[in-house]
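# Dropping a prediction and its sequence here:
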Amino acid sequence: MDVKKAEFIKSAVKPKDFPPAELPEVAFVGRSNVGKSSLINVLANRKALVRTSSTPGRTQLINFFDINSILTLVDLPGYGYAKAPPDVRKQWGPMIETYLAKRENLKTVVLILDIRRIPSDGDLEMLRWLEMYNIPPIIVLTKCDKLSKLERARQTALIATAIKREKTMMLPFSALSRDGRDGIWQEIERLLGL
Ligand code: GTP
Ligand code: MG
């Protein structure tokens, strides 16, 4: 994707505040601090379109971004951050599930996993939700720069076993080196029919 325009549209919590469901949409999910916002910045070729942070729980609302006026990228708040304020944690489940269940222009969800870690219960539950709502996932293994080639291969095999979805493609990525960016765009464009 040759990104000519990347613009923040708005933040929202409730469907009534979402932007009109006119363009095909791609949402990004994963545990808190896994690198969702960093991945969106790399895809959009922008350093700071989305705020990133070394503090988990930075993204607490659903954030919509316009790309070239042909699709929307959606940064969802991460899960599994134990120190998040109780009201934020309580709001998370219903907010995300409503979005996934009701958003009619949602074409695919990019589930981001840290290549160094075995998927959490939250990750597995997210995969079950996506299956339940018939949303095809794109699984991205991020922070690849932190491992050697050999360790990457070993971790990829372990993660594939843990998620029990041998047929789902897993795409390696690094926000640091930007390796994997083009492959992720290709998969998004394929699923959106662009
Ligand atoms: P929340 O919004 O808090 O859920 O986090 P997030 O998933 O949006 O993560 P974010 O993109 O803010 O990144 C979290 C931290 O991980 C930041 O310090 C990033 O610089 C770092 N990070 C993200 N991606 C990579 C990567 O590919 N490699 C390395 N080395 N660090 C990364
Ligand atoms: Mg974020």
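All right, it came through fine. Ligands and ions are numbered 1, 2, ... in the order given.
# The closest residue to Leu192 other than its chain neighbours - how many residues pack around it?
In this structure, Leu192 finds its nearest non-sequential neighbour in Pro24, 4.6 Å apart by C-beta to C-beta, 6 or more residues apart in numbering. Every C-beta, even on glycine, is put in place using the N, C-alpha and C of the backbone. Around Pro24 there are 17 other residues, counting by other C-beta atoms under 10 Å.
# could you measure Met132 against Glu22, distance?
As for Met132, its distance to Glu22 is 25 Å (criterion: C-beta to C-beta, to the nearest Å).
# just to revisit the earlier point, pLDDT wise, what is the residue nearest to Leu192 at?
pLDDT, Pro24: 97.
# Just confirm it contacts Ser69, I think it does.
No. Between Pro24 and Ser69 there is no contact under C-beta atoms under 8 Å: 11.8 Å.
# Thought Trp129 was touching Glu97, still the case?
Yes. The pair Glu97 and Trp129 qualifies as a contact (C-beta under 8 Å) at a distance of 6.7 Å.
# what helix or strand is Glu125 on?
Per DSSP states H and E: Glu125 is located in helix 121-132.
# Can you name the element that comes right after that helix?
strand 137-142.
# now stretch 33-49, how far from the chain's geometric center?
10 Å (C-alpha atoms, centre = their mean, to the nearest Å).
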